[in-house]
Structure formats: structure tokens, C-alpha cells
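1. coords please:
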Amino acid sequence: MTRRADAFRTLRKNVGSRRVARLMCSWSAFLVAPVPKRTTLSLATRPIRESADARLWKAYKTLRRDRRRINRESPLRLLHDLRVACKSLRYLMELYAPLYDKRRAGKLVIELKQLQDNLGVIQDSDVQSATLLSFGAEIESTGNSVRIEQDTISELATQLTARALEARLRFDACFGKFDVRTNRLRVRKLCKPALAESR
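-> Numbering: from 1, shown residues only. Purely as a prediction, here's the structure:
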């Protein structure tokens, strides 16, 4: 547990540093400053809705591409990549929510959260199981291990592995629920300008 405490101390030290305070002040100033009439930044004058459409469409295509790479034998890394793609799309949808039809975007976010939850159980259970087994090996190497501790750690790791397997078996149904035709049409309607540009 000292690793976690050390990491937390380092985080607190960095977040409270002058460097971060300067960054936050300059970032706030940048956000409220008007865009110069003459700028060399190519996207500075682009309407936010155009940018949002393009980013959402790209994130959605990435999610669907990552899904096509996954089958029942795929390594966890690919499922993790898909989870990251889900997070990207969801966070973009939440960030740009005021620009879109609340009902249409809201339904997508709800179903995306359910898919994320499924992928989260798979990833988190696997990581927790590996961490427990690592702690067990660490405790055993100190010579202070008690048989009941090792049995408990092993049983917990087995339960987590079973939980990950159950979630993985539900994955196809979870993705299928998100990727239904009505949701594909919702995304197309949300990002219509970006679609027109990409043709």
C-alpha cells in the first residue's frame, strides 16, 4: 500500500505546485480571450458545431472499427482499446451536449454507458485479479504469509476471473444493443455535416 500512498503524495505535490497554478491561470486567460481577426491557426474560426460533428463522427467510426477487430479469442488489450474508444465518444458527446438534440444524444449516452460498464467489468476484474495475485506473491516472499491469506487471495482472484468471463460472454449482446440500426441513424443525424464533408 505504500506505492499508492507515495503516488498520492506525488500527485498532491504536483497539483499544488506553482507550475500547475501558472498553467491554470494561463489556460483560463486563453479560454476567455477573443479569437484574433487575423490568425494563423487554421481551425480557430471554424464553427464549434462543425468541429463537434467531425470529432464525434471520427470517434464513432473508431469505436466501430475497434469492435470489428474483436472476437471471442481476442486479447484483453483489444477490449481495453474498445473501452477507451467508448470513453472518448461518450466524453465528446457530454462535452458537446448543449449543441445537440438532448433526447437523441441522451439515448446514445445511456446505451454507451451500458457498453462501457460491461467493458469495465472485464478490464477491472482482470486487473484486480492480477493485482491480488501479485500481492499474494509479495506477501509470500516476505515469509510472513499465513496459509489462510494465500487461500483467500487465491479464492478472490478466482472469483474476479469468473466475473470477467461472465462479462465477456455478455459483451456481444451489450455491443449489439448499442449498435442497433436506430442508434446508427441517431449518430448519422447528429453528425450529418461531418458526413457530408467526408464524402
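2. okay, now the unreliable bits of this structure?
-> 1, 144-146, 148, 193-199 (pLDDT under 70).
3. show me where it has its helices.
-> Counting by DSSP state H, the segments of the chain that form helices are 2-15, 18-32, 48-68, 76-95, 102-142, 147-178, 181-190, 192-198.
4. what's the angle from the third one to helix 147-178?
-> What it means is helix 48-68. 120 degrees (axes from the mean of the first three to the mean of the last three C-alpha atoms, to 10 degrees).
5. swap in the second one?
-> Interaxial angle of helix 18-32 relative to helix 147-178 (the same axes, to 10 degrees): 10 degrees.
6. hey, C-alpha coordinates of helix 18-32 in CSV?
-> What follows is helix 18-32, C-alpha atoms only, in CSV (Å, rounded to 0.1, in the frame of the first residue of the first chain):
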residue,chain,number,x,y,z
ARG,A,18,3.4,26.9,-8.9
ARG,A,19,3.8,25.4,-12.3
VAL,A,20,0.2,24.0,-12.3
ALA,A,21,-1.1,27.2,-10.8
ARG,A,22,0.5,29.2,-13.7
LEU,A,23,-0.8,26.7,-16.2
MET,A,24,-4.4,27.0,-14.9
CYS,A,25,-4.2,30.9,-14.9
SER,A,26,-2.9,31.0,-18.5
TRP,A,27,-5.4,28.4,-19.6
SER,A,28,-8.3,30.4,-18.2
ALA,A,29,-7.0,33.5,-19.8
PHE,A,30,-6.7,31.7,-23.2
LEU,A,31,-10.3,30.4,-22.9
VAL,A,32,-11.8,33.9,-22.4
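7. buried set for it?
-> By neighbour count on 16 or more other C-beta atoms under 10 Å, the buried set for helix 18-32 is empty. For every residue, glycine as well, the C-beta is placed using N, CA and C.
8. show me what that helix is in contact with.
-> Outside helix 18-32, the residues within contact range by C-beta atoms under 8 Å, 6 or more residues apart in numbering are Asn14.
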